[in-house]
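**Q** no sequence on this one, just coordinates:
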């Protein structure tokens with residue numbers, strides 16, 4: 001496994017921002033606010049998936065520690081999640097589980113490394129990053145398991161998120177230059193650049209209605225703050241302005257709040273909840289010598 005993927009599998013922390021290595025993607029779809037799923041771990045120890053109530057209570061482990069598991073993304077109806085797991089051969093493959101962590105099902109089994117996965121709006125497809133010599137975006141039909149390549153450039157495309165309006169947002173990291181945010185249609189066409197500045201614009205994620213994108217902008221000193229923008233890249237607004245790093249923000253299914261990772265330094269980070277204007281900040285996790293990161297918020301959909 002190359003150094004980028006080893007970092008992704010073994011330490012999904014604020015150091016990713018420093019290294020400009022993407023966190024796994026996840027999507028937010030409309031509904032009532034359900035449980036928050038996230039990664040928990042520490043250096044030199046297995047990483048596993050955990051869920052909790054939106055107030056930080058009832059913390060429940062969903063995966064074991066035999067293999068690193070990370071990057072969960074909820075299905076649009078909240079009944080299951082998709083994630084990456086390290087296989088016995090060292091590759092990273094995609095799996096699904098039911099919402100309670102049961103019924104693990106393999107989705108991919110290749111010689112590549114698949115991660116950064118997010119469901120599509122119909123729940124039958126997912127978009128993900130596959131890395132070999134370079135990293136490109138693919139989509140997979142979860143019924144037939146047929147994969148389709150969406151990007152093929154000399155840059156690395158990563159951190160995709162698929163909106164309820166059937167548009168994919170992602171970040172592109174060229175061999176030289178800044179990381180910027182783009183959108184495209186689910187067949188890889190209609191590429192639109194949304195950001196263009198000297199900072200690094202990372203980890204974009206859609207609002208439940210598909211009208212807004214939240215992302216992190218990191219300066220040259222790697223201080224990362226949250227911003228929002230409209231789906232077409234207009235109306236960019238700063239949400240946070242702190243001395244720490246905020247990244248990996250996801251909207252709540254209600255569209256009123258974010259769950260976000262805030263770095264504590266030295267490979268430690270916690271999850272916080274805030275209103276989408278940056279107010280009413282509440283800490284959700286506080287575990288010494290561990291990190292919590294890469295959260296996604298379950299939609300509860302009435303049937």
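**A** Thanks, I have the structure now. Since the structure is predicted, the reported quantities are computational estimates derived from the model, not experimental observations. Numbering: from 1, shown residues only.

**Q** my guess is residue 173 meets residue 155, correct?
**A** Yes. With contact defined as C-beta atoms under 8 Å, residue 173 reaches residue 155; the gap is 5.9 Å. Heads up, the C-betas are built off the backbone N, CA and C, glycines and all.

**Q** Need the residues touching each of the two.
**A** By C-beta atoms under 8 Å, 6 or more residues apart in numbering, residue 173 and residue 155 have no common neighbours.

**Q** Low-confidence bits of the stretch 151-300 of the chain, can you list those?
**A** Low-confidence segments of the stretch 151-300 of the chain, defined by pLDDT under 70, span residues 220-222, 264-267.

**Q** Which parts of it are strands?
**A** With DSSP state E, counting those that start in this stretch, the ranges of strands along the stretch 151-300 of the chain come out as 156-162, 168-173, 180-184, 192-193, 200-206, 212-218, 224-230, 237-238, 246-251, 257-265, 268-275, 282-283, 291-300.

**Q** What helices and strands are in contact with the fourth one?
**A** With contacts defined as 3 or more C-beta pairs under 8 Å, 6 or more residues apart in numbering; DSSP states H and E, the packing partners of strand 192-193 are strand 180-184.

**Q** So what are the sheet partners of the strand it packs on and their directions?
**A** Here strand 180-184 is paired, per DSSP bridges, with strand 168-173 (antiparallel), strand 192-193 (antiparallel).

**Q** just the angle between it and strand 200-206, please?
**A** If you take axes from the mean of the first three to the mean of the last three C-alpha atoms, to 10 degrees, strand 180-184 sits at 40 degrees to strand 200-206.

**Q** Including mean neighbour count and distance to residue 130, could the strands of the stretch 151-300 of the chain go into JSON lines?
**A** Converted to JSON lines, those look like this (neighbours: other C-beta atoms under 10 Å; distance: least, C-beta to C-beta, whole Å):
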{"stretch": "strand 156-162", "mean neighbour count": "27", "distance to residue 130": "10"}
{"stretch": "strand 168-173", "mean neighbour count": "25", "distance to residue 130": "13"}
{"stretch": "strand 180-184", "mean neighbour count": "21", "distance to residue 130": "16"}
{"stretch": "strand 192-193", "mean neighbour count": "12", "distance to residue 130": "22"}
{"stretch": "strand 200-206", "mean neighbour count": "26", "distance to residue 130": "18"}
{"stretch": "strand 212-218", "mean neighbour count": "23", "distance to residue 130": "22"}
{"stretch": "strand 224-230", "mean neighbour count": "21", "distance to residue 130": "26"}
{"stretch": "strand 237-238", "mean neighbour count": "12", "distance to residue 130": "33"}
{"stretch": "strand 246-251", "mean neighbour count": "28", "distance to residue 130": "21"}
{"stretch": "strand 257-265", "mean neighbour count": "22", "distance to residue 130": "24"}
{"stretch": "strand 268-275", "mean neighbour count": "21", "distance to residue 130": "26"}
{"stretch": "strand 282-283", "mean neighbour count": "12", "distance to residue 130": "35"}
{"stretch": "strand 291-300", "mean neighbour count": "26", "distance to residue 130": "18"}
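
**Q** Enumerate every residue touching residue 229.
**A** With contact set as C-beta under 8 Å, 6+ apart, residue 229 has these partners: 194, 195, 212, 213, 215, 235, 236, 237.

**Q** quick revisit: kindly reformat the strands of the stretch 151-300 of the chain as JSON lines containing distance to residue 52.
**A** Shown next, in JSON lines, are the strands of the stretch 151-300 of the chain (distance: least, C-beta to C-beta, whole Å):
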{"stretch": "strand 156-162", "distance to residue 52": "22"}
{"stretch": "strand 168-173", "distance to residue 52": "26"}
{"stretch": "strand 180-184", "distance to residue 52": "29"}
{"stretch": "strand 192-193", "distance to residue 52": "36"}
{"stretch": "strand 200-206", "distance to residue 52": "19"}
{"stretch": "strand 212-218", "distance to residue 52": "21"}
{"stretch": "strand 224-230", "distance to residue 52": "21"}
{"stretch": "strand 237-238", "distance to residue 52": "28"}
{"stretch": "strand 246-251", "distance to residue 52": "14"}
{"stretch": "strand 257-265", "distance to residue 52": "10"}
{"stretch": "strand 268-275", "distance to residue 52": "9"}
{"stretch": "strand 282-283", "distance to residue 52": "12"}
{"stretch": "strand 291-300", "distance to residue 52": "9"}
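
**Q** just so I know, which of the strands paired with strand 180-184 lies nearest residue 75?
**A** Among the strands paired with strand 180-184, strand 168-173 comes nearest to residue 75, with 16.9 Å by C-beta to C-beta.

**Q** neighbouring contacts of that closest one?
**A** Identification of contacts with strand 168-173 by C-beta under 8 Å, 6+ apart yields 20, 22, 25, 127, 137, 150, 153, 155-163, 179-186, 194, 201-206, 213.
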